[in-house]
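> 3D, please:
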Amino acid sequence: MADLRDIIRRPVVSEQTMALMEQNKYTFVVDLNATKPQIREAVEQAFNVTVEKVNTMRVTGKKRRMGRYEGKRPDWKKAIVTVKEGQRIELFEGL
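Numbering: from 1, shown residues only. Below is the predicted model:
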């Protein structure tokens, strides 16, 4: 993965993630094949912050039905990135 836009898909905005922001932790949906060093580098380049820690987890997609047809939402990977004390990611400000 050469481009950081391929690694970081979008931010996760929920009540839980907003509470984590007070601890300098930001949550992103990332590519399934992205590694922790790749995620660290992408966040540092994209938002000009120093990353202290990266925690990742794979989230399995839920089963969904539409009448008699059954399907499944895709699996995705979530990364919780801890930035250095005193630094902020401006993308989340004002939410």
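> State the distance from the residue of the chain most remote from its centre to P74.
Relative to the mean C-alpha coordinate of the chain, counting by C-alpha atoms, centre = their mean, the farthest residue is R68 (33.7 Å). The gap separating R68 from P74 is 22 Å, by C-beta to C-beta, to the nearest Å. The C-beta positions use only the backbone N, C-alpha and C, and glycine is treated the same way.
> if I look at the nearest residue to W76 once chain neighbours are set aside, how far off is L91?
For W76, the nearest residue in space outside its immediate sequence neighbours is V59; the separation is 5.3 Å by C-beta to C-beta, 6 or more residues apart in numbering. Applying C-beta to C-beta, one obtains 21 Å for the distance of V59 from L91.
> Spell out, range by range, the helices that occur in the chain.
Listed in chain order, the helices of the chain (DSSP state H) span residues 4-7, 15-21, 36-47.
> Can you say which of the ones you listed is packed in most?
Greatest average neighbour count among the helices of the chain goes to helix 36-47 (a mean of 17), per mean count of other C-beta atoms under 10 Å.
> So what sits opposite the residue nearest the centre of the chain in the bridge?
When C-alpha atoms, centre = their mean is applied to the chain, the residue found nearest the centroid is F28 (1.3 Å). Beta bridges link F28 to P11, A79, judged by DSSP bridges.
> give me the low-pLDDT residue ranges for the protein?
By pLDDT under 70, the weakly predicted segments of the chain are 1-2, 92-95.
> hmm, try it at 90
1-6, 89-95 (pLDDT under 90).
> I'd like the distance between the closest residue to K36 other than its chain neighbours and Q87.
Nearest residue to K36, sequence neighbours excluded (C-beta to C-beta, 6+ apart): V54, at 4.5 Å. V54 sits 15 Å away from Q87 when distances are taken as C-beta to C-beta.
> quick one, which of the two is more surrounded?
Set side by side, V54 and Q87 show more neighbours around V54, with 19 against 13, by other C-beta atoms under 10 Å.
> isn't the more buried one right next to A79, touching?
Yes. Between V54 and A79 there is a contact at 6.0 Å, judged by C-beta atoms under 8 Å.
> Check the contact lists of these two and give me the overlap.
Contact with both V54 and A79 is made by residues K36, I39, according to C-beta atoms under 8 Å, 6 or more residues apart in numbering.
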